[in-house]
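Trainee: Provided below for reference: sequence and predicted model.
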Protein chains: 2
Amino acid sequence: MEPRMMRQIVLQSYAQGNPVPGNFAVAQAPIPEPGPGEVLTRTLWLSLDPLIRFGMDEQHVTGAVHLKPGDVLYGGTVSEVVVSNHPDYPVGCIVEGRTGWREYAALDPVAGDRVRGAMRRIDPALAPISTALGVLGMPGQTAHAAVRGIGRVQAGETLVISAAGGAVGSIAGQIGKILGARVVGIAGGAKKCAALLDLGFDAAADYKAPDFAGQLKAALPEGFDCYIDNVGGDVTLAVLRHAKYRARMPLAGFIAYYGFGMEGPGPDHLPGFFRLVMTKALELRGFSGPMVAGEAGLAELAQWVGEGRLGYRETIVEGLEAAPAAFCATFAGGNSHVGKLLVRVAQPSS
Amino acid sequence: MEPRMMRQIVLQSYAQGNPVPGNFAVAQAPIPEPGPGEVLTRTLWLSLDPLIRFGMDEQHVTGAVHLKPGDVLYGGTVSEVVVSNHPDYPVGCIVEGRTGWREYAALDPVAGDRVRGAMRRIDPALAPISTALGVLGMPGQTAHAAVRGIGRVQAGETLVISAAGGAVGSIAGQIGKILGARVVGIAGGAKKCAALLDLGFDAAADYKAPDFAGQLKAALPEGFDCYIDNVGGDVTLAVLRHAKYRARMPLAGFIAYYGFGMEGPGPDHLPGFFRLVMTKALELRGFSGPMVAGEAGLAELAQWVGEGRLGYRETIVEGLEAAPAAFCATFAGGNSHVGKLLVRVAQPSS
């Protein structure tokens, strides 16, 4: 008997600088058979996380899960269990894990994957299951960790956020407001900046505008206490001029640099960065959102969502084949979405 | 009546890259008259601190006390009070402050200078008074803050230090040993590396040796938990490859970059630095040694010195006129001293 087939998206070629749709290919593969203790999952939602770019370099770079051409792209998913050989993950249950850009996956749900560990069962009664990839998942935990754990933002302080319209930034800004901070967001284009004000941000600066430096200065008259960076590059160099003494900088991402590997074109900005860190006694920290925020962070996020104090936005792309183009648009700065970018791979069967 | 004259060293020209002796000039000036509440101090010891380079740029750069040609170089000193209009600072008492590269200064000892505040009275019975510029002064506090306050070094951890033979590094390494850490020092030349082992370091790596990378790898088989950086540049980029997950990096200096202002020649190393910080969850912090270590840090340093557990080395240059050449040698990497570099400006009068 012929095995049933599924679609998956594989690396076609290594990326040079920003990824392009030609770096990806749609491939067919047999739907795998789950072994003892394993489950077969059917992907419902796929998260498009810019960090995936790390694995698309030909040269292996620190911290990346290195892909070779033909490998399936990795990525967070929400799936339903359709075949189960594990009593704790019965058929029909909804799970969040990192099964990648494919329609089905067979895996041990307790061992999970080596990066994220066991699959997490999702309660569909709590919130829409897609939020397990957004406000009630890794982006939410990253935002919570950045504002609370690493940033230690206090009432009355000024918090500034780059890529503030993104999955992490839009949540981080709202958490800042809940904590009583003044929140300034940076985004590209007047439309996104307006969306930030709708979310409750106190001010917004448009990095694509000719007077970005002036907007930033006007929005930060007394400087900032905490800068949650998602972008790096020129935006970050401009923001850092406004650091107060002992400001904190949780590093949640640096999409402007993802295509550079370890070195970008000159001049070298590390000397100036070190100078700012030393003379202003800045604190820069990388972190894992899930590790810092943990279950307690997720519980607080769920409480705020339940109370209506924390909103979330999703931009939904339909169908697995649409994933590469949507992913690439994020890097070109041409995307106009606010909030979490998701691919709807399939409808739940029930 | 003609005023009595004194010598002082002024900025002759702005520095380009590493400072050269021609950037300095010896000048004559009248010995100042102390006003009400002020004292006249006679300089005994002058500290040659690489950070002074910050003030020698033509372009004003963040965090620098900006000098103009003709201005007296600033710097920490130990002096004796020779005329006093302040009851708490009588004639004959020894004070530490920031009176600059000159033989005499008149100032309000309580207001002090805007960077360091009030002048500190030194007890000559406690230790040689020159230590107020070294192990029992700002370098000691910086080392204490780096290892204890910012670095949070624990017994059994691995601490690596650049410019380990310098004033801060040589103290920081010994503090690491007192706390039970494994300590690896980086210095230039076999002689300096041997001096580190004499100080009790567990291993040393010579950044001038052709096999520096191999020495570093051998000295850090399991990576490092804390890196106290004094240099930046290629040394730091090499060290960071060995960071453990969640390693700390107290930034005590970055002498390799002091001549660069905000930008150095390409390529840009900030992308790779951000990548390491994020993927390894590193923590980078600038800090003020005196502010973090405070009086408690000084007391602990004095206790360790008294118990013979913390040694200190001084390299002494004779005479104010010798200061520029000795200062400049520090930048060219050509100095062979270990420990604190001091200028003996005058002998105490008593």
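Mentor: Yep, it's here. What you are looking at is a predicted structure, and each value in this text was computed from that prediction instead of being measured.

Trainee: for the closest residue to chain B within the stretch 101-250 of chain A, what are its contacts?
Mentor: When Cβ to the nearest Cβ is the measure, the stretch 101-250 of chain A has its nearest residue to chain B at residue A:232, with 5.3 Å between them. No exception for glycine: its C-beta is placed from N, CA and C like everyone else's. Listed by Cβ atoms under 8 Å, 6 or more residues apart in numbering or on different chains, the contact set of residue A:232 reads A:253-257, B:270-271, B:274.

Trainee: Relative to residue A:211, which of those is nearest.
Mentor: Ranked by distance to residue A:211 (Cβ to Cβ), those are led by residue A:256 at 20.1 Å.

Trainee: Please give me every residue in contact with the closest one.
Mentor: Residue A:256 sits next to A:231-236 when contact means Cβ under 8 Å, 6+ apart.

Trainee: and it, which of the three is it?
Mentor: The three-state assignment at residue A:256 reads helix, by DSSP: H, G, I helix; E, B strand; the rest coil.

Trainee: One more: the one 5 residues further on?
Mentor: Secondary structure of residue A:261, reduced to three states by three-state DSSP: coil.

Trainee: ok, it touching residue B:272?
Mentor: Yes: proximity of residue A:261 to residue B:272 meets the contact threshold set by Cβ atoms under 8 Å, at 7.1 Å.

Trainee: The two - which one has more neighbours?
Mentor: Neighbour tally, residue A:261 and residue B:272, criterion other Cβ atoms under 10 Å in any protein chain shown: the higher count belongs to residue B:272, 21 against 18.

Trainee: hmm, back to that, can you pull the pLDDT of the residue of the stretch 101-250 of chain A closest to chain B?
Mentor: Turning to residue A:232, the model gives it a pLDDT of 96.

Trainee: next one: residue A:302
Mentor: Residue A:302 is assigned a predicted lDDT (pLDDT) of 96.

Trainee: Next: residue A:43.
Mentor: The score at residue A:43 is 98. That number is its pLDDT.

Trainee: in the stretch 201-350 of chain A, what residue is nearest chain B?
Mentor: Minimum separation of the stretch 201-350 of chain A from chain B (Cβ to the nearest Cβ) falls at residue A:266, amounting to 1.4 Å.

Trainee: That residue contacts residue B:267, correct?
Mentor: Yes: judged on Cβ under 8 Å, residue A:266 makes contact with residue B:267 at a distance of 5.3 Å.

Trainee: Measure how buried the residue lying closest to residue A:76 once chain neighbours are set aside is and give me the count.
Mentor: Spatial nearest neighbour of residue A:76, chain neighbours left out: residue A:47 (4.0 Å); criterion: Cβ to Cβ, 6 or more residues apart in numbering or on different chains. Around residue A:47 there are 23 other residues, counting by other Cβ under 10 Å.

Trainee: cool, and residue A:25?
Mentor: Around residue A:25 sit 15 other residues, with neighbours defined as other Cβ under 10 Å.

Trainee: Please apply the same query to the one 10 residues further on.
Mentor: Using other Cβ under 10 Å, residue A:35 is surrounded by 11 other residues.

Trainee: contacting residues around it?
Mentor: Here residue A:35 is in contact with A:85, A:106 (Cβ under 8 Å, 6+ apart).

Trainee: And the helices in chain A?
Mentor: With DSSP state H, the ranges of helices along chain A come out as A:138-144, A:167-178, A:190-198, A:212-219, A:233-240, A:270-279, A:289-306, A:323-331.

Trainee: got the contact list for the first one?
Mentor: Applying Cβ under 8 Å, 6+ apart, the external contacts of helix A:138-144 come out as A:47, A:49, A:76, A:131, A:133-134, A:167-169, A:171-172, A:175, A:228, A:252, A:289-290, A:292-294, A:297-298, A:300-301, A:340.

Trainee: what's the answer for stretch A:264-272, then?
Mentor: Stretch A:264-272 is touched from outside by A:237, A:257, B:232, B:254, B:257, B:260-271, B:273, with contacts defined as Cβ under 8 Å, 6+ apart.

Trainee: Give me the buried subset of those residues.
Mentor: Among the contacts of stretch A:264-272, those buried by neighbour count (16 or more other Cβ atoms under 10 Å in any protein chain shown) are A:237, A:257, B:232, B:254, B:257, B:260-264, B:267-271, B:273.

Trainee: with the residues you listed in mind, which one is nearest to residue B:20?
Mentor: Comparing those against residue B:20 with Cβ to Cβ picks out residue B:260 as the nearest, at 16.0 Å.

Trainee: quick one: contacts of stretch A:181-197?
Mentor: The set of residues that contact stretch A:181-197 without belonging to it, under Cβ under 8 Å, 6+ apart, is A:153-165, A:169-170, A:173, A:176-177, A:200-209, A:216, A:219-220, A:224-226, A:235, A:239, A:333, A:336, A:338.

Trainee: quick one: that stretch to chain centroid distance?
Mentor: Stretch A:181-197 has its average C-alpha position 18 Å from the chain's average C-alpha position, going by Cα atoms, centre = their mean, to the nearest Å.

Trainee: all strands of the stretch 51-200 of chain A, in order?
Mentor: Under the criterion DSSP state E, counting those that start in this stretch, strands of the stretch 51-200 of chain A are mapped to A:77-84, A:94-97, A:104-107, A:120-122, A:158-161, A:182-187.

Trainee: Tabulate those strands in JSON lines, adding columns for mean pLDDT and mean neighbour count.
Mentor: Below are the strands of the stretch 51-200 of chain A laid out as JSON lines (pLDDT from 0 to 100; neighbours: other Cβ atoms under 10 Å in any protein chain shown):
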{"stretch": "strand A:77-84", "mean pLDDT": "98", "mean neighbour count": "22"}
{"stretch": "strand A:94-97", "mean pLDDT": "96", "mean neighbour count": "22"}
{"stretch": "strand A:104-107", "mean pLDDT": "96", "mean neighbour count": "21"}
{"stretch": "strand A:120-122", "mean pLDDT": "95", "mean neighbour count": "18"}
{"stretch": "strand A:158-161", "mean pLDDT": "98", "mean neighbour count": "30"}
{"stretch": "strand A:182-187", "mean pLDDT": "98", "mean neighbour count": "28"}
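
Trainee: Compare these and give me the one nearest residue B:313.
Mentor: Closest approach to residue B:313 among the strands of the stretch 51-200 of chain A (Cβ to Cβ): strand A:158-161, 44.8 Å.

Trainee: Show me what that closest one is packed against.
Mentor: Packed against strand A:158-161 by the contact rule (3 or more Cβ pairs under 8 Å, 6 or more residues apart in numbering or on different chains; DSSP states H and E) you find helix A:167-178, strand A:182-187, strand A:224-228.

Trainee: List the strands paired with it, with their directions.
Mentor: Under the criterion DSSP bridges, strand A:158-161 sits next to strand A:182-187 (parallel), strand A:224-228 (parallel) in its sheet.
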